[in-house]
Structures are given as C-alpha cells and as structure tokens.
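K.L.:
here are the coordinates; sequence isn't available:
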C-alpha cells in the first residue's frame with residue numbers, strides 16, 4: 001500500500017521561527033478563489049471599485065478598531081486580489097516561546113493569522129450577501145505574507161502596492177497572466 005498522507009500538505013510559506021504576533025510590519029496578499037475579478041476594474045491605471053471592492057476597504061479599515069496595537073499602512077484593492085501592509089506597534093498578543101516548538105493549536109492564535117482569517121471571513125460574508133451567494137468561497141485558501149525587515153524593504157513594498165493598478169496589465173495575478181512564469185522578487 002502506498003502512503004499518500006503527504007499528498008495534500010502545503011509547503012509553509014511562513015518565516016521559520018518567527019512569532020507573527022511580534023511588533024513589526026507585515027505585507028499580505030490575498031486572492032479571490034480562482035482569481036475571479038470581483039472587486040472592480042482598472043481603467044487608465046486607476047482602480048474602479050464595485051460594491052464588493054468597497055466592502056473589502058470597509059472591512060480592512062475596521063482592523064485597527066478591533067486591535068488597537070495594529071496600524072494600517074499602504075494598501076490597494078485590485079480586481080481579484082488585495083495587498084496591504086499591517087503594522088503591529090506592540091506585540092499583539094504575542095506567544096513567548098519559539099514558534100517551532102508550538103503545537104498547531106497554539107500557532108493558530110498568532111495575531112497575524114487570526115486577523116487575516118477574521119478579515120477574510122467578514123469580507124466574504126459581506127460580499128456573498130451583495131452577490132446573493134451565501135456560503136460561497138470567496139478567497140483562496142491561506143494568504144501570502146512577508147515580514148518587512150527594514151526601511152528599504154518597506155519602501156519597496158509601498159511602491160509596489162501604489163504602482164499595482166498602473167501595472168495591472170503586467171501583474172502576475174492578471175487573468176491573462178495566470179500560468180505565465182513571473183517573479184515578484186518577494187521572499
């Protein structure tokens with residue numbers, strides 16, 4: 001008998017031994033399921049939002065109301081994805097042990113993943129209500145994150161986010177680009 005238990009495991013994109021509750025800046029990207037363009041269109045380099053796109057903004061802006069130690073930096077809603085920088089001014093409910101020694105259950109209480117999970121859930125509920133598609137999956141499983149390590153990294157990511165609408169035709173997440181080999185330079 002062949003053991004297939006590892007066939008559906010995803011490779012972790014998390015920075016090893018990093019507590020995602022620590023003070024610092026985090027760049028996140030989330031994509032719609034099947035990368036369907038639901039949030040609007042880019043016209044002349046500017047994003048024109050649908051009601052669903054507006055709901056994304058409203059849910060994103062609620063995050064600092066929920067967690068006072070969280071500050072939002074640059075962000076953008078794109079037709080089929082969202083980019084944002086979230087800054088934890090202080091440790092956000094930090095777990096003070098080496099993350100590699102944590103159980104899966106303890107890792108799930110880390111602040112970044114909890115906030116992103118909540119954001120995805122609430123925005124999906126609102127958008128499904130708008131679209132009259134209750135219970136439909138809106139987002140891809142998981143999200144991309146990058147720990148911002150220094151000011152140069154922060155500046156580079158801010159520029160990337162700001163320029164994203166103007167670069168939409170060349171964006172690797174553009175529906176016509178899917179499957180084309182690209183590299184955002186993120187690690």
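P.N.:
Ah, there it is. A quick note: this is a predicted structure, and the numbers were derived from the prediction, not measured.

K.L.:
determine the number of other residues adjacent to residue 148.
P.N.:
21 (other CB atoms under 10 Å). C-betas here are computed from N, CA, C, even on glycine.

K.L.:
residues in contact with the nearest residue to it once chain neighbours are set aside?
P.N.:
Among residues not flanking residue 148 along the chain, residue 25 sits closest, at 3.8 Å (CB to CB, 6 or more residues apart in numbering). By CB atoms under 8 Å, 6 or more residues apart in numbering, residue 25 lies in contact with 73, 85-88, 147-148, 154.

K.L.:
nearest to residue 33 among those?
P.N.:
residue 86 (22.1 Å; CB to CB).

K.L.:
against residue 70, how distant is that closest one?
P.N.:
6 Å (CB to CB, to the nearest Å).

K.L.:
which one of the two has more residues nearby?
P.N.:
Using other CB under 10 Å as the criterion, residue 86 and residue 70 rank with residue 86 on top: 26 against 19.

K.L.:
average model confidence for stretch 115-131?
P.N.:
Mean pLDDT, stretch 115-131: 96.

K.L.:
what residues of the longest helix anywhere in the chain count as buried?
P.N.:
Longest helix of the chain, by residue count under DSSP state H: helix 111-131. Using 16 or more other CB atoms under 10 Å as the test for burial, helix 111-131 gives 111-116, 119-120, 123-124, 126-128.

K.L.:
from these, pick the one nearest residue 49.
P.N.:
Nearest to residue 49 among the buried residues of helix 111-131 is residue 127, at 12.0 Å by CB to CB.

K.L.:
what sits against that closest one?
P.N.:
Neighbour list for residue 127: 38, 52, 55-56, 138 [criterion: CB under 8 Å, 6+ apart].

K.L.:
sorry, back to before: give the next helix or strand downstream of the longest helix of the chain.
P.N.:
Tracing the chain past helix 111-131, the next element assigned as helix or strand by DSSP states H and E is strand 144-148.

K.L.:
in its sheet, what does that next one sit against?
P.N.:
The strands beside strand 144-148 in its sheet (DSSP bridges) come out as strand 24-31 (antiparallel).
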